[in-house]
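> Predicted structure and sequence below. I'll ask about it afterward.
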Amino acid sequence: MALQISATNPEHPALLLALPWQLPLEEWPEHHLVPLPRGISRHVVRYARAGDEVVAVKELAERPALREYGLLLGLDRLGIPAVDPLAVVTGRTDAAGEPLESVLITRHLGGSLPYRSMFETTMRPATMHRLMDALAVLLVRLHLAGFAWGDCSLSNTLFRRDAGAYAAYLVDAETGELHPRLSTGQRDYDLDLARVNISGELLDLEAAGALHPSVDPIEFGREICARYRGLWEELTRTSVYPAGKYHYIDRRIRRLNDLGFDVAEMQIAHSPAGDTVTFVPKVVDAGHHQRQLLRLTGLDTEENQARRLLNDLESWMATQDDYAPAGPGHRPGPGAPGAARPEVLAHRWVRDVFRPTVRAVPPELRGSMDPAELYHEILEHRWFLSERAQHDIGLDTAVEDYVGTILPKAGEPLPSADRDPEEPPAYPVPEQR
């Protein structure tokens, strides 16, 4: 059988042909390899250079190689954090004509590390919690997309540092299955495998003296299950709010942000009894909200400002008669006559909501605050007043009270979700019910 390279990009086969496919992966010459840290794998894995790219090459049988390649392509289409599949090489033979195993080729995830490399020095418990949080987030996202991992573990995950937090990426999909939807039993089985695998890996680290003495491997395995279940409940439950309780939506978004999720998509359906709100989570890269807000509105802001403004924009869009939410079953088109494009609604929000709100604050009282920060603080003030009044007080009332009671008090900034948790708020935050 002749050598065959099945690739996602027509340029990749030419680059990959230069690699020594006639040799078993364990025997590849050093000049082809890139010395990067590798995790534990049941297969032989090497990092190699193909043109200007660094690729991960994994040796395995043809059928599982093709299957994993297809699964990774499916996850890529769904926007799930996973390694990027580039090609499968089949029909390999050595110099004597004897068959060699096929290989799966994925793009190296820049800046990522396998978990063992992160434990080269003893990791603090707080950092380990962030690591586990990232893995729980990934597992929830996979299950929401209908992917049963079948072997969730630290070894099958790459971690990338992200401004003090971690993002987790699936690196091994060999045992996975993609379904339209997972049953509770499928999710529970995947979760139990994760608990056993993670506890076992931490026990291994403990035996090697690389685990912080305060960390209990068994308890940590249970903790990731509890973290997962809390996230799953918060992300999948349907909330029905009475009409006019706008601040309830904002409260839910805040809870999701506190759990480590950015709400990149929101589906809001209206009913006679109130609003049914379904959140679709999306873990996003740094700068995602800045780019999205700039594309939709032309506003150039900081990342946290952009996240806050996008949440407000999405909630406002849901109140418009010509709004058709994006997403499966909710795409504007022939089934939604008269639906406005998101860009049109976003510019209407800038014209009718954002700019009038900012202009309502006298310039001499704004100080050095830019418009996005000013609007963010007004939204914070609106949320506080709405919580106290137990109904949405509206932007106009929030602006009037903000100008009259907050701005004159120089040096007393509003409390923010992004402030230092040790810093006392400028006023008491009401208890959430």
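Happy to help now that I have it.
> Settle this for me: Gly91 is touching Leu3, isn't it.
Yes. Between Gly91 and Leu3 there is a contact under C-beta atoms under 8 Å: 4.8 Å. Yep, even glycine has a C-beta here, placed from its N, CA and C like the rest.
> For stretch 366-373, give the mean pLDDT please.
Along stretch 366-373, the predicted local confidence has a mean pLDDT of 80.
> Begin at 35, not 1, for the rest of this chat.
All set: I'll call the first residue 35, so the last point we hit is now stretch 400-407.
> residues in contact with it?
Among residues not part of stretch 400-407, those counted as contacts by C-beta atoms under 8 Å, 6 or more residues apart in numbering are 333, 335-336, 339-340, 343, 388, 392, 408, 411, 441, 444.
> Same question for stretch 83-90.
The set of residues that contact stretch 83-90 without belonging to it, under C-beta under 8 Å, 6+ apart, is 46, 49-50, 52-53, 66-68, 70, 79-82, 117, 120, 139-142, 205.
> can you give me the helices in the stretch 235-384 of the chain?
Taking DSSP state H, counting those that start in this stretch as the criterion, the stretch 235-384 of the chain contains helices spanning 251-270, 280-292, 322-331, 337-351, 376-383.
> Give me the buried stretch members for the first one, please.
Looking back up the chat, that one is helix 251-270. Using 16 or more other C-beta atoms under 10 Å as the burial criterion, the residues of helix 251-270 that qualify are 251, 254-255, 257-259, 261-262, 265-266, 268-269.
> And for stretch 113-123?
Buried residues in stretch 113-123, defined by neighbour count with 16+ other C-beta under 10 Å: 114-123.
> Could you tell me the end-to-end distance of it?
25 Å (C-alpha to C-alpha, to the nearest Å).
> and it, how far from the chain's centre?
17 Å (C-alpha atoms, centre = their mean, to the nearest Å).
> Quick one: mean pLDDT over that stretch.
When the per-residue pLDDT values of stretch 113-123 are averaged, the result is 88.
> Out of the buried residues of helix 251-270, flag the one nearest to Leu328.
Of all the buried residues of helix 251-270, Leu269 has the smallest distance to Leu328: 26.9 Å, by C-beta to C-beta.
> hang on, the earlier thing: and the contacts of stretch 400-407, which is the shakiest by pLDDT?
Ala444 (43).
> before we move on, the earlier item: mean pLDDT for the helices of the stretch 235-384 of the chain: which is lowest?
Per-segment confidence across the helices of the stretch 235-384 of the chain bottoms out at helix 280-292, which has a mean of 70 in mean pLDDT.
> Could you export the buried residues of stretch 113-123 to CSV, including columns for secondary structure?
Formatted as CSV, those follow (DSSP: H, G, I helix; E, B strand; the rest coil):
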residue, secondary structure
Ile114, coil
Pro115, coil
Ala116, strand
Val117, coil
Asp118, strand
Pro119, strand
Leu120, strand
Ala121, strand
Val122, strand
Val123, strand
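> Specify which member of those is nearest to Leu134.
Using C-beta to C-beta, the shortest approach to Leu134 within the buried residues of stretch 113-123 belongs to Val123, at 9.5 Å.
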